[in-house]
Structures are given as structure tokens and as C-alpha cells.
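K.L.:
Need coordinates for the below:
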Amino acid sequence: MCPGSFDPVTNGHVDVIHRASALYDELVVAVLVNPGKAGFFPVEERMELLRESVAHLPNVTVDSFSGLLVDYCGAHEIPVIVKGLRAVSDFEYELQMAQMNRELAAIETLFVPTAPQVGHLSSSLVKQIATFGGDVSRLVPKVVNDRLRERAARGSTP
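P.N.:
Next up is the predicted model:
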């Protein structure tokens, strides 16, 4: 299980998903539904963008979840959560979450450091750059870049 908000999916996300998919027979990539937070892309659109971005990985499925991640994992018999790490600050937060998930449901967490060429990427930075008309084509999958450009053309920016 590789969870996240993926708003939008970046090449960093795709890197982690690709590498995790090589480790497991099946990998679920799940978009968090957070009713208290309006995303730039609705959850269904994020799932569509993810599916297109990882279509070349036959053992990856895309889903969504709300509530506790450990509850989703338990209901789907998923024993491992895969999380990408970009920096030490990510590790501090994710370690605490991993320990809590282990305590709550005996679910293990595998940390995958991002490749150096994508370690600087975040969805927040991509949205900020796109908001000001910057070129994010090297930062996101083509389908995401196209969708961001369509939104900008309509005057609907992140």
C-alpha cells in the first residue's frame, strides 16, 4: 500500500510507486479522502491521473480511502505501507506514523528514499509553480502537466 494525497501526482510519487511495485506482487496506491480539506483536483480526478501515470505497471491498482489507513489495510489484508522519503523532516514525521501504525494494527512500514533527481519535488511546490504560470513539465507526468495547463487556460489555477 502506497498512500497519499497525490494532489497532483508528481514524478517523485511515480518514482516511489515504480520502485515499490518491483518489490511486491501487488501494490495498491490509495488516495486519501480528507473531507476537511478541499484539494485542487477532486479525488476521482486524482485517481484517474494516477491510473494514467502508472498504467505501465501491471501490478499496481489505484483506490481511495477515508478514515484510518490501518483500517483500510486491515480490511484489504495489506501488511505493509510504503512511504517515500525526501528529507530528514519527512523521516521524523513518517517514523512517528509508522510506529503508531505498528502499535495500532501490527502493520509494517517500508521507507523508500526518493531518487536524487526527484527528491526536491512536492505537490505543493508544483501547484505553486503552476499557479504563476511556471513550466512544471519536467516535474509531473505528461497527463498531469496537460491537465494543469488545461486548468490554467480556463483560468482555474491551483
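
K.L.:
Using PDB, write down the CA coordinates of the helix ranked longest in the chain.
P.N.:
Assignment by DSSP state H gives helix 88-105 as the longest helix of the chain. Output in PDB follows, covering the C-alpha atoms of helix 88-105 (Å, rounded to 0.1, in the frame of the first residue of the first chain):
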ATOM      1  CA  VAL A  88      15.100  14.200   7.300                       C
ATOM      2  CA  SER A  89      12.000  16.200   8.100                       C
ATOM      3  CA  ASP A  90       9.900  13.600   6.200                       C
ATOM      4  CA  PHE A  91      11.500  10.800   8.200                       C
ATOM      5  CA  GLU A  92      10.700  12.400  11.600                       C
ATOM      6  CA  TYR A  93       7.000  12.600  10.800                       C
ATOM      7  CA  GLU A  94       6.800   9.300   9.000                       C
ATOM      8  CA  LEU A  95       8.700   7.400  11.700                       C
ATOM      9  CA  GLN A  96       6.100   8.500  14.300                       C
ATOM     10  CA  MET A  97       3.300   7.400  11.900                       C
ATOM     11  CA  ALA A  98       5.000   4.100  11.300                       C
ATOM     12  CA  GLN A  99       5.400   3.400  15.000                       C
ATOM     13  CA  MET A 100       1.700   4.300  15.600                       C
ATOM     14  CA  ASN A 101       0.500   2.100  12.700                       C
ATOM     15  CA  ARG A 102       2.600  -0.800  14.100                       C
ATOM     16  CA  GLU A 103       1.100  -0.200  17.600                       C
ATOM     17  CA  LEU A 104      -2.500   0.000  16.300                       C
ATOM     18  CA  ALA A 105      -2.500  -2.800  13.800                       C
END
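
K.L.:
what helices or strands is the very next helix or strand once past it leaning on?
P.N.:
Using DSSP states H and E, the helix or strand that follows helix 88-105 in sequence is strand 108-113. Applying 3 or more Cβ pairs under 8 Å, 6 or more residues apart in numbering; DSSP states H and E, one finds that strand 108-113 contacts helix 11-21, strand 80-85, helix 88-105. In short, each C-beta sits where N, CA and C put it, glycine included.
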